[in-house]
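# what shape does this take:
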Amino acid sequence: MTITDSRQDAQPEARRRRTVAWVVGLATFGLIFDGYDLVVYGTVVSVFLRDPTQIGKVTPQVAGGLGSYALIGVLVGALLAGTVGDIIGRRKLMLSSYAWFSVGMAITALTHSTSAFGVMRFVTGLGVGSLVATTGAIVSEFAPPGKKNLCNAITYSGVPLGSLLSALVAIILLQDIGWRGMFWLGALPIVTLLPLAFFKMPESPAWLMARGRVDRARAISERTGIPLPEPPAERAAAVAAPRQRAGFAGLFSREYFLPTVVLGLMSVTGLVLVYSLNTWLPELMRRAGFNTKGSLAFLLVLNGGAVLGALIGSRIADRFGPKPVVATCFLIGAVSISLLTFSLPLALLLLFVAIVGLGTSGTQTLIYGFVANYYRTNVRGAGVAWCAGFGRLGGVAGPLLGGFLIGAGLALNSIFYVLAGIAVVGFLLTVLVPRIRGPRDVVTAVVEPTRAPATPLHDGSSVSRAGVDPLREQR
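Predicted structure coming up:
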């Protein structure tokens, strides 16, 4: 009898592990193509600057503008996703995003003028933005207790991993397939990722419960093994909390207004660094004397460091909370960017570029996990959308900033010092994020009340893992 019960108890947990693996895997795969889109322009911008027969004459200022058009689209798409996702659901929005940006990349490959190229970069950005904004929310709602930062870091490491892939493909194939071939490769999700996600990506039970679709949420919970949040009436009785506003209304309520503003500015700062470096680092290295493949190798190392740094940082964040980890990574980014101004042997220079990847793209990955776990369920989608959308102001500014600094004739060292100063601003903003107060959402999973070691929260306080761990899970 005991053996039978144990097997029955193990079945939901096994289903949950499989579901989490599929959700995290598909979400990561999607963000790999987001990262590919992020860097693909940076890998071909030198072609545009030197060959006006491709899409017309391109100056550094024009190149910076073209690099920003996609980011404006990402900004709009991410902010719209916060509302649209709350209406149609996380799953439908993610599937639509995969199709949208794939078609956008394909059409971009067919353009022959700077204006058409810029328009299609904006259109493609709409799909990329809605995907980035939705991914953090759905992964956070499927991730198991104590592993939310890790699951988000694995997922969002898809961005630097895709950036690394883009740089690697450019090193190997750019001369053979040209810039159009690079964009055609970015359209592959429509025939690979989209069919898989259609069959394997479930809707979030937490979102269904928040919309009052209890029967559908229970059916998905039984099929996937994902425990349900309590229905609103039960949750209110359990935590004795007043009715809470949802979506963007809750995001800018008295409870969340200050952290929302600070987290948004953190994301702006992080994305200025990410997009300025991923757009202009190859060109900066070419101006420092490296050839085309050598300059692209720096982009490869930059994003390799971001992937490894984000995964290591996420494990530390699950133990000590993401706030001190994000702050430390911003500082590491500032110091390592400054060190690039010294005359260093190539091996040491590549090492510091990898550390710069940790302090820029890796830090931004950790910020997404920080935000996704900071808000309660009925605000989480809007919170991630705000971070991804408002933060894209930094993404828009990044390529423009690089184009302006290069066009103004600033020395290479001066450009790196400007970027290091921006990283210091990111550190100061992270320190200002206030601690979380008030009750979190409750999960219906039954936990035996046993004594367990305390687990640190974001603000340095702690809570026992036994009995009340689901309360921490939503942080």
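# make sure Ile154 is indeed in a strand.
No: counting by DSSP: H, G, I helix; E, B strand; the rest coil, Ile154 is located in no strand; its state is helix.
# OK, contacts around it?
Ile154 makes contact with 24, 28, 311, 314, according to C-beta atoms under 8 Å, 6 or more residues apart in numbering. For every residue, glycine as well, the C-beta is placed using N, CA and C.
# same check, this time on Phe101
Contacts of Phe101 by C-beta under 8 Å, 6+ apart are 33-34, 37, 124-128, 131, 186, 189.
# for it, give its distance to Thr108.
Between Phe101 and Thr108 the distance is 10 Å, computed by C-beta to C-beta, to the nearest Å.
# okay, and the common contacts of those two?
With C-beta under 8 Å, 6+ apart, Phe101 and Thr108 have common neighbours Thr124.
# for the helix or strand containing Thr134, packing partners?
Take DSSP states H and E as the rule and Thr134 turns out to sit in helix 114-142. Other elements packing on helix 114-142 under the criterion 3 or more C-beta pairs under 8 Å, 6 or more residues apart in numbering; DSSP states H and E are helix 2-50, helix 60-88, helix 90-108, helix 148-156, helix 205-210, helix 363-372, helix 377-390.
# if we can go back for a sec, would you turn the contacts of Ile154 into TSV with distance to Leu340, pLDDT and neighbour count?
Conversion of the contacts of Ile154 to TSV gives the following (distance: C-beta to C-beta, whole Å; pLDDT from 0 to 100; neighbours: other C-beta atoms under 10 Å):
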residue	distance to Leu340	pLDDT	neighbour count
Val24	34	90	22
Thr28	29	91	20
Leu311	23	80	15
Ser314	25	80	27
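# go through the residues you listed and say which is closest to Asp176.
Taking C-beta to C-beta as the measure, Thr28 is the one of the contacts of Ile154 closest to Asp176, at 28.2 Å.
# look up the closest residue to that closest one, ignoring the ones flanking it.
Gly158 (4.2 Å; C-beta to C-beta, 6 or more residues apart in numbering).
# let me have the contacts of Phe101 in JSON lines, extended by pLDDT and distance to Thr260.
Below are those laid out as JSON lines (pLDDT from 0 to 100; distance: C-beta to C-beta, whole Å):
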{"residue": "Phe33", "pLDDT": "87", "distance to Thr260": "29"}
{"residue": "Asp34", "pLDDT": "82", "distance to Thr260": "23"}
{"residue": "Asp37", "pLDDT": "84", "distance to Thr260": "27"}
{"residue": "Thr124", "pLDDT": "93", "distance to Thr260": "28"}
{"residue": "Gly125", "pLDDT": "89", "distance to Thr260": "23"}
{"residue": "Leu126", "pLDDT": "91", "distance to Thr260": "23"}
{"residue": "Gly127", "pLDDT": "90", "distance to Thr260": "25"}
{"residue": "Val128", "pLDDT": "88", "distance to Thr260": "22"}
{"residue": "Leu131", "pLDDT": "87", "distance to Thr260": "21"}
{"residue": "Gly186", "pLDDT": "91", "distance to Thr260": "32"}
{"residue": "Pro189", "pLDDT": "91", "distance to Thr260": "31"}
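# which member of those residues is positioned nearest Val20?
Taking the contacts of Phe101 together and measuring to Val20 by C-beta to C-beta, the closest member is Leu131, at 19.1 Å.
# okay, now the spatially closest residue to that closest one that is not a sequence neighbour: neighbour count?
Spatially, and ignoring its direct neighbours in sequence, Leu131 is nearest to Ser97 (3.8 Å; C-beta to C-beta, 6+ apart). Neighbourhood size, Ser97 [other C-beta atoms under 10 Å]: 28.
# and for Ile107?
As a burial measure, Ile107 scores 16 neighbours (other C-beta under 10 Å).
# likewise Ser115?
Neighbour count for Ser115, taken as other C-beta under 10 Å: 11.
# going forward, begin numbering at 38 instead of 1
Let's use 38 as the start, then, which means that last one is Ser152.
# tell me the confidence at it?
In this model, Ser152 is scored at 91, pLDDT.
# now tabulate the contacts of Phe138 in JSON lines and tack on neighbour count.
Output for the contacts of Phe138, formatted as JSON lines (neighbours: other C-beta atoms under 10 Å):
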{"residue": "Phe70", "neighbour count": "28"}
{"residue": "Asp71", "neighbour count": "24"}
{"residue": "Asp74", "neighbour count": "27"}
{"residue": "Thr161", "neighbour count": "28"}
{"residue": "Gly162", "neighbour count": "28"}
{"residue": "Leu163", "neighbour count": "23"}
{"residue": "Gly164", "neighbour count": "26"}
{"residue": "Val165", "neighbour count": "29"}
{"residue": "Leu168", "neighbour count": "29"}
{"residue": "Gly223", "neighbour count": "23"}
{"residue": "Pro226", "neighbour count": "26"}
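# dump those into a markdown table; add distance to Ala286 as well.
As requested, the contacts of Phe138 are exported to a markdown table (distance: C-beta to C-beta, whole Å):
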| residue | distance to Ala286 |
| --- | --- |
| Phe70 | 32 |
| Asp71 | 28 |
| Asp74 | 31 |
| Thr161 | 30 |
| Gly162 | 26 |
| Leu163 | 24 |
| Gly164 | 26 |
| Val165 | 26 |
| Leu168 | 24 |
| Gly223 | 36 |
| Pro226 | 33 |
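# surely the residue nearest to Thr65 is in contact with Leu63?
No: the criterion here is C-beta atoms under 8 Å, and Gly195 misses it with Leu63 at 10.2 Å.
# okay, those two: which has more neighbours?
When neighbours are counted by other C-beta under 10 Å, Gly195 comes out ahead of the other of Gly195 and Leu63, with 26 against 21.
# so who does that one touch?
Contacts for Gly195 (C-beta under 8 Å, 6+ apart) come out as 64-69, 71-72.
# repeat the analysis, applying 10 Å as the threshold.
Neighbouring residues of Gly195 by C-beta atoms under 10 Å, 6 or more residues apart in numbering: 61-62, 64-73, 172, 202, 344, 347, 402.
# neighbours of the closest residue to Thr397 other than its chain neighbours, how many?
In space, and not counting its chain neighbours, Thr397 is closest to Leu310: 4.2 Å by C-beta to C-beta, 6+ apart. Residues lying near Leu310 (other C-beta under 10 Å) number 27.
# ok and the strand or helix carrying Leu310 relative to helix 39-87, angle-wise?
According to DSSP H and E, Leu310 maps onto helix 294-324. Angle, helix 294-324 to helix 39-87, by axes from the mean of the first three to the mean of the last three C-alpha atoms, to 10 degrees: 50 degrees.
# check the helices and strands packed on helix 151-179 for me and report the most buried one.
helix 400-409 (a mean of 30; mean count of other C-beta atoms under 10 Å).
# show me what that one is packed against.
Counting contacts by 3 or more C-beta pairs under 10 Å, 6 or more residues apart in numbering; DSSP states H and E, helix 400-409 is packed against helix 151-179, helix 185-193, helix 195-222, helix 294-324, helix 329-357, helix 359-376, helix 414-427, helix 449-469.
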